[in-house]
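Asks: pasting the structure only:
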């Protein structure tokens, strides 16, 4: 499969996955974590919304709430409404007053009737089995309702207190209206809002709902943000009733033990009491700040196409550009969806950034694997003609560039050839000849590698090596001569072994010269060799051709560089093929 086709297939797969996941919001838990942070930014609470909480202090003073007489609530209403000029606009009790308790029931009914600004709650009971409506949407039907006791339910407006929880137990949405036995019931906060706009002479807002009849709450405050007053302090007269003038007051549970606290999207690890959730919903009604899920199909298509196209781009550009694309696309999407949410349309947000991140990691992984494969290829190539230490140096430096072309370097070149090999090869079986040749090549290679040289090539029974190429080698002239002497010395042991095995011997003639040469890869794109070319190489070869068995010949140029470190016999000036003038030649007899 070609690279272009592979990238196209990858983009297609990513597009399909993004489309499916966005359409179904399959990773809703992760998406909620992100959208909660982005959509539920505190917007500031309305100071006219106040909460009178039945808190620990109140429970300590009045005992468990189920033991209270309803006259306690009647007393609270009388305190709040004692002055017509300073009374609250509305008082909402987030408490289900079901069943009769004592004679205080009648007091509370009368107090509610006299107040005329009270809203109460009932509680819906839902089936544990879901059903489908006429549009095929799943829902849990209402099967029963818990109403306030006796005449109380006919004395004030009533809304249901139930709040809707998502699959992770978080309250993000409202169901403004429910139906039981053909009768419609309204959410407590909705009833409070409708009554408030009636009293204030305002035009009610048209709140959007999705196909399931739900709306997403855009919370105004976090847990504890709304002004809260202990009910015990109000009843004890510690709070001036005028503090509630023109306010909308919510009365409800404000203690953990009353089990009316819920997870909310902006609460973190802290839960929010039901009465405070209704305060948030009421403010959202006032400010018309609900949102609904937008056209999921259209958004899924757009997101999928963007993910596929950006994957193609990421696969073709450099990693740092891919990072910029990833960051840029994420920022643009976040700004767009947050802006849409503020305008009433909510969308999932995680799938495009998530898959762009996966595309980046995948692309980076492929790039890494490709580079490692290329490195292995280069290292395997160098292992054939350089010492293991040099290969290790290449790996550590990461210098894996291999291309046609060369550079001018000053190098030392060593040539070595077997003396008497042709005569011996004619007298021995081919297998024996190859065996001897392999021993010789192993010997010369070891001497070259031990002295950090580079094995250039084998030419029949001749070996060529260079020093100070392809990497800088300190004291390369000296190491080249040492390698030559090591070869001659090892050859003496090989001579004895061959004499014992085959009754014949061979020897080595070595030539070493130094100077400028062109070194690099010579060949074509699909077949190349690393070598050295130039007069320095030719002179070294000519020296080797003139060397006798067991002799190491060097040029005067090399001698001048090493004369204090080697022992030599002067051979004199000899003519070399290809040179018009003779070259002063020395035989190396020892290393100092």
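Replies: That came in fine, so what should we check first? What you see is a predicted model, and the numbers here were worked out from it, not measured in a lab.
Asks: which stretches of the stretch 51-200 of the chain form strands?
Replies: Ranges of strands in the stretch 51-200 of the chain, per DSSP state E, counting those that start in this stretch, are 90-93, 118-126, 131-132, 138-139, 142-146, 157-160, 173-174, 177-180, 183-186.
Asks: Now do the fourth one: distance to the chain's middle.
Replies: Centroid separation for strand 138-139 versus its chain: 36 Å, with CA atoms, centre = their mean, to the nearest Å.
Asks: So in that sheet, which strands flank it, and in what orientation?
Replies: strand 131-132 (antiparallel) (DSSP bridges).
Asks: Against residue 356, how distant is residue 519?
Replies: 46 Å (CB to CB, to the nearest Å). C-betas here are computed from N, CA, C, even on glycine.
Asks: who's in contact with stretch 2-12?
Replies: With CB atoms under 8 Å, 6 or more residues apart in numbering as the contact definition, stretch 2-12 has outside contacts at 1, 308, 309, 311, 312, 315, 316, 362.
Asks: Pipe these into TSV and attach neighbour count, pLDDT and distance to residue 194 per row.
Replies: Below are those laid out as TSV (neighbours: other CB atoms under 10 Å; pLDDT from 0 to 100; distance: CB to CB, whole Å):
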residue	neighbour count	pLDDT	distance to residue 194
1	7	64	64
308	22	94	47
309	13	94	48
311	26	93	50
312	16	92	53
315	21	90	56
316	13	89	58
362	16	89	54
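Asks: Can you tell me which of those end up in helices?
Replies: When these are checked against helices (DSSP state H), the matches are 308, 309, 311, 312, 315, 316, 362.
Asks: So of those residues, which two are at opposite extremes in space?
Replies: Using CB to CB, the ones in helices among the contacts of stretch 2-12 span at most 15.7 Å, a distance reached by 309 and 362.
Asks: Determine which residue lies closest to the centroid of the chain.
Replies: Geometric centre of the chain, nearest residue: residue 357, 5.4 Å, by CA atoms, centre = their mean.
Asks: what pLDDT does that residue get?
Replies: On pLDDT, residue 357 comes in at 93.
Asks: so where's this structure shaky on pLDDT?
Replies: 1, 374-405, 422-423, 426-427, 523-528, 580 (pLDDT under 70).
Asks: that older thread, minimum distance to residue 495: which of the strands of the stretch 51-200 of the chain has it?
Replies: Judging the strands of the stretch 51-200 of the chain by CB to CB, what sits closest to residue 495 is strand 138-139, at 94.1 Å.
Asks: so what's residue 278 closest to, chain neighbours aside?
Replies: residue 189 (4.6 Å; CB to CB, 6 or more residues apart in numbering).
Asks: Over to residue 413?
Replies: Per CB to CB, 6+ apart, closest to residue 413 is residue 540, 3.9 Å.
Asks: Go through whichever strand or helix holds that neighbour and flag the buried ones.
Replies: Per DSSP states H and E, residue 540 falls inside helix 535-546. Residues 536, 537, 538, 539, 540, 541, 542, 543, 544, 546 are the ones in helix 535-546 that count as buried (16 or more other CB atoms under 10 Å).
Asks: With respect to residue 137, which of these is nearest?
Replies: Using CB to CB, these come closest to residue 137 at residue 537, 84.7 Å.
Asks: just checking, that closest one touches residue 414?
Replies: No. Using CB atoms under 8 Å, residue 537 is not in contact with residue 414, being 10.3 Å away.
Asks: residues shared between the contacts of those two?
Replies: residue 464.
Asks: Residue 6 - that's part of a helix, no?
Replies: Yes. Counting by DSSP: H, G, I helix; E, B strand; the rest coil, residue 6 is part of a helix.
Asks: thinking again about what came up before, closest to residue 254 out of the strands of the stretch 51-200 of the chain?
Replies: strand 90-93 (13.1 Å).
Asks: Parallel or antiparallel, which strands does the closest one pair with?
Replies: strand 118-126 (parallel), strand 248-253 (parallel).
Asks: Is it possible to get those out as JSON lines so that each row also shows mean neighbour count and distance to residue 572?
Replies: Below are the strands paired with strand 90-93 laid out as JSON lines (neighbours: other CB atoms under 10 Å; distance: least, CB to CB, whole Å):
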{"stretch": "strand 118-126", "mean neighbour count": "20", "distance to residue 572": "114"}
{"stretch": "strand 248-253", "mean neighbour count": "25", "distance to residue 572": "115"}
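Asks: Of all those strands, which one comes closest to residue 65?
Replies: Using CB to CB, the nearest of the strands paired with strand 90-93 to residue 65 is strand 248-253, at 7.9 Å.
Asks: Could you give the separation of that closest one from the chain centroid?
Replies: 45 Å.
Asks: what's the neighbour count on the residue lying closest to residue 194 once chain neighbours are set aside?
Replies: Nearest residue to residue 194, sequence neighbours excluded (CB to CB, 6+ apart): residue 204, at 6.4 Å. Neighbour count of residue 204, defined by other CB atoms under 10 Å: 13.
Asks: Tell me which stretches of the stretch 151-300 of the chain form helices.
Replies: 188-200, 231-235, 274-287, 296-316 (DSSP state H, counting those that start in this stretch).
Asks: export these to JSON lines and tack on distance to residue 218?
Replies: Shown next, in JSON lines, are the helices of the stretch 151-300 of the chain (distance: least, CB to CB, whole Å):
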{"stretch": "helix 188-200", "distance to residue 218": "13"}
{"stretch": "helix 231-235", "distance to residue 218": "29"}
{"stretch": "helix 274-287", "distance to residue 218": "6"}
{"stretch": "helix 296-316", "distance to residue 218": "19"}
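Asks: Return the most buried member of the ones you listed.
Replies: For the helices of the stretch 151-300 of the chain, the largest average neighbour count (mean count of other CB atoms under 10 Å) is found in helix 274-287, namely a mean of 25.
Asks: Quick check, the residue nearest to residue 278 in contact with residue 283.
Replies: No. Residue 189 is beyond contact range of residue 283, at 9.1 Å (criterion: CB under 8 Å).
Asks: Please name the residues that touch residue 262.
Replies: Applying CB under 8 Å, 6+ apart, we find residue 262 in contact with 163, 165, 169, 170, 171, 271, 272, 273, 274, 277.
Asks: Hmm, residue 163 and the last one touching each other?
Replies: Pointing back at residue 277 there. Yes. Applying CB under 8 Å as the test, residue 277 and residue 163 come out as touching, 5.7 Å apart.
Asks: okay, and the common contacts of these two?
Replies: Contacts common to residue 277 and residue 163, judged by CB under 8 Å, 6+ apart, are 171, 262.
Asks: Go ahead and build a ChimeraX selection from the buried members of the contacts of residue 262.
Replies: What follows is the ChimeraX syntax selecting those of those that are buried according to 16+ other CB under 10 Å:
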select :163,170,171,271,272,273,274,277
